[in-house]
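Novice: just need the structure, nothing else, for what follows:
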Amino acid sequence: MATSINYSADFPVDPKRLHDALIDKKYWLSRVNSISGEDAACEFRADPDDGPIPEGWFSVWSSHLVPATELPPAITKVRSADLRINRGEHWGPFWNNRASGLFTFSVPESPVRVRGDVKLAPHGNGSRLAYTTELQLKVPFLKSKIESNLSDRIIKVLDMVRDFTIVWLASH
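Specialist: Predicted coordinates for the structure are as follows:
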């Protein structure tokens, strides 16, 4: 059974401006470098593991390494080595002041898979990204502790993305 995670982030810009950033290669290179570090990789393509992506969508794939020393104890009980995290994000066209996206997180050679949808829509005087996420973990023992740690980590990453994006939008 999968764990659901719902998250929303508000931005002080109109939806078109936010969508323009989300499909801007300079934004992505800066975001991946800022959040994931200099050893991160960023490519503008879809990951075949993400499944079929609709024609004409913007796709970005990134990967970064989390050193074993930074992993929580619940995770190091099952994996003592560094952890590579791959992430895919895909954005559809902007239409009627809205856009839809898909995203994935995966850890190669592990039982972890995260998939989700994200909706961009107007909200108040700005815009909102609303994420609906499903975390799948196939580990019979320690599952709840690992899921809790991963859920917390996903929310922290989304918080970092929100904070980075607000600053980036203000300076571009």
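Novice: show me what the helix ranked longest in the chain is packed up against.
Specialist: Assignment by DSSP state H gives helix 143-171 as the longest helix of the chain. Applying 3 or more CB pairs under 8 Å, 6 or more residues apart in numbering; DSSP states H and E, one finds that helix 143-171 makes contact with strand 3-11, helix 15-22, helix 25-36, helix 73-76, strand 112-123, strand 126-137. Every C-beta, even on glycine, is put in place using the N, C-alpha and C of the backbone.
Novice: so where's this structure shaky on pLDDT?
Specialist: The chain contains residues with pLDDT under 70 at 1, 48, 74, 139-145.
Novice: wouldn't residue 165 be in contact with residue 11 here?
Specialist: Yes. At 6.7 Å, residue 165 counts as touching residue 11 under the criterion of CB atoms under 8 Å.
Novice: which residues do these two both contact?
Specialist: Counting by CB atoms under 8 Å, 6 or more residues apart in numbering, the shared contacts of residue 165 and residue 11 are residue 18.
Novice: ok, back up a step: in the longest helix of the chain, what's buried?
Specialist: Across helix 143-171, burial judged by 16 or more other CB atoms under 10 Å covers 143, 145-147, 149-151, 153-154, 158, 161-162, 164-166, 168-169.
Novice: what of stretch 21-37?
Specialist: Neighbour counts using 16+ other CB under 10 Å place 21-23, 27-28, 30-32, 34-36 of stretch 21-37 among the buried residues.
Novice: which two of the residues you listed have the greatest separation?
Specialist: The largest separation in the buried residues of stretch 21-37, counting by CB to CB, is between 23 and 36 at 19.1 Å.
Novice: to residue 82, which of the helices and strands packed on helix 143-171 lies closest?
Specialist: Among the helices and strands packed on helix 143-171, helix 73-76 comes nearest to residue 82, with 10.7 Å by CB to CB.
Novice: and that closest one, what other elements does it pack with?
Specialist: The elements that helix 73-76 packs onto, with contact taken as 3+ CB pairs under 8 Å, 6+ apart, are helix 143-171.
Novice: centre of the chain versus the helix it packs on, how much separation?
Specialist: Centroid separation for helix 143-171 versus its chain: 8 Å, with CA atoms, centre = their mean, to the nearest Å.
Novice: mind listing what residue 130 touches?
Specialist: 6-8, 118-119, 121 are the contacts of residue 130 under CB under 8 Å, 6+ apart.
Novice: try it again with 10 Å
Specialist: Residues in contact with residue 130 (CB atoms under 10 Å, 6 or more residues apart in numbering) are 6-10, 117-121, 123.
Novice: likewise residue 103?
Specialist: Residues near residue 103 by CB under 10 Å, 6+ apart: 50, 60, 87-91, 114-118, 131, 133, 158.
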